[in-house]
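> pasting a predicted model and its sequence here:
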Amino acid sequence: MTAAGVTVVDHPVAQHKLTLLRRAATPPSLFRRTLRELGALLAYEALRDLPVAAVRIETPVAEMDASEIAQGTLAVVSILRAGNGLADGVSDLLPDAPVGHIGLRRDEATLKPERYYLNLPRGIGRARVLLVDPMLATGGSAADAIDQLRAAGVREIRFVCVLAAPEGLAHMAERHPDVPVVTAAIDSRLNEVGYIVPGLGDAGDRLYGTV
Ligand SMILES: O=P(O)(O)OC[C@H]1O[C@H](OP(=O)(O)OP(=O)(O)O)[C@H](O)[C@@H]1O
Ligand SMILES: O=c1cc[nH]c(=O)[nH]1
Ligand SMILES: [Mg+2]
């Protein structure tokens, strides 16, 4: 467990969508739509304590004190490629939050992440960052993405995934104990080629039909 905590979103709607993602027979079109919907549900839970600003508004009936998420409070960062499937759902929920991208690909032999792209929104150091990637397997990709966010001056980060392996959670606890993890499930283990078991396969390939 990470010191900052692991939240498993066990809501029936989230679990139903997770089952669709896990099924090998689910085609990319349904996988993409479902990952997007689950991204919104997981982000909703991960942002439960996001600070809001007071704002005076007029309803058709009266003036009142209301609350809103101020511009600059939140940024979303997606770990390419598969993270984009979740990030689209977060953008459905919070369309004004800027979205950054960190390009990482896992080397099939070493299972270590290789960097190939970085594009972060201006002023990201002042925002809380929701870092999204469906799979936390060895944890190498998430930990490296967090290293890059820290180097850019980000202080508060939450990591949202669909599936976490115990090995990935242990890696996060060691490298980034202050980063909370929100996931739809914790699976049993990694197999000999670093895939989550029972898992859902290669999230990027299933999202983009590149299997
Ligand atoms: O926890 P780890 O062991 O680092 O593995 C998880 C990473 O592997 C997958 O990406 P992949 O490298 O397959 O890239 P893709 O999204 O482009 O398919 C996944 O989306 C994570 O980024
Ligand atoms: O099971 C896994 C592990 C890493 N990356 C994936 O896409 N799936
Ligand atoms: Mg992949």
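Looks like it came in fine. Ligands and ions are numbered 1, 2, ... in the order given.

> what does stretch 172-185 contact?
The set of residues external to stretch 172-185 that reach it, using Cβ atoms under 8 Å, 6 or more residues apart in numbering, is 1-9, 14-15, 17-18, 38, 42, 45-46, 131, 136, 139, 142-143, 146-147, 157-164, 169. Any C-beta I mention is one placed from the backbone N, CA and C, and that applies to glycine too.

> in helices, which of those residues fall?
Secondary-structure check on the contacts of stretch 172-185 using DSSP state H: residues within helices are 14-15, 17-18, 38, 42, 45-46, 142-143, 146-147, 169.

> nearest to ligand 3 among those?
A142 (13.7 Å; Cβ to the ion).

> so who does that closest one touch?
For A142, the contacting residues are 79, 131, 133, 136, 159, 161, 168, 172, 176, by Cβ under 8 Å, 6+ apart.

> whichever of those end up buried, select them in ChimeraX.
Restricted to buried positions by 16 or more other Cβ atoms under 10 Å, the ChimeraX selection for the contacts of A142 reads:
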select :79,131,133,136,159,161,168,172,176
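
> and ligand 1, which of the contacts of A142 reach it?
Of the residues in the contacts of A142, proximity to ligand 1 by Cβ under 6 Å from any ligand atom holds for 79, 133, 136, 168.

> host element of the first one?
Using DSSP states H and E, I79 sits within strand 74-80.

> right, and the helix or strand after that strand?
That would be, after strand 74-80 and using DSSP H and E, helix 83-93.

> just the CA atoms of that next one, as CSV, please.
Taking only C-alpha atoms (Å, rounded to 0.1, in the frame of the first residue of the first chain), the coordinates of helix 83-93 have been written out as CSV:
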residue,chain,number,x,y,z
GLY,A,83,-3.7,7.1,-20.8
ASN,A,84,-5.6,9.1,-23.5
GLY,A,85,-8.5,6.6,-23.2
LEU,A,86,-9.0,7.7,-19.6
ALA,A,87,-8.1,11.3,-20.1
ASP,A,88,-10.9,11.8,-22.6
GLY,A,89,-13.3,10.8,-19.8
VAL,A,90,-11.8,13.3,-17.4
SER,A,91,-12.1,16.0,-20.0
ASP,A,92,-15.8,15.1,-20.4
LEU,A,93,-16.2,15.8,-16.7
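
> next secondary structure after it?
Counting by DSSP H and E, the next helix or strand C-terminal to helix 83-93 is strand 99-106.

> dump the residue contacts of the residue nearest the centre of the chain.
Per Cα atoms, centre = their mean, the C-alpha nearest to the average position across the chain is that of V132, at 2.1 Å. For V132, the set of contacting residues under the criterion of Cβ under 8 Å, 6+ apart consists of 39, 43, 76-79, 83, 86-87, 90, 159-161.

> circling back to that earlier point, of the ones in helices among the contacts of stretch 172-185, buried ones?
Here, 16+ other Cβ under 10 Å leaves 14, 17-18, 38, 42, 46, 142-143, 146, 169 buried among the ones in helices among the contacts of stretch 172-185.

> how many neighbouring residues does the closest residue to the residue nearest to the centre of the chain other than its chain neighbours have?
Computed as Cβ to Cβ, 6 or more residues apart in numbering, the closest residue to V132 that is not its neighbour in sequence is L86, at 4.2 Å. One way to gauge burial is a neighbour count; for L86, by other Cβ atoms under 10 Å, it gives 29.

> does L86 touch F159 like I think?
No: in this structure, L86 sits apart from F159 without contact. The criterion is Cβ atoms under 8 Å, and the distance is 11.0 Å.
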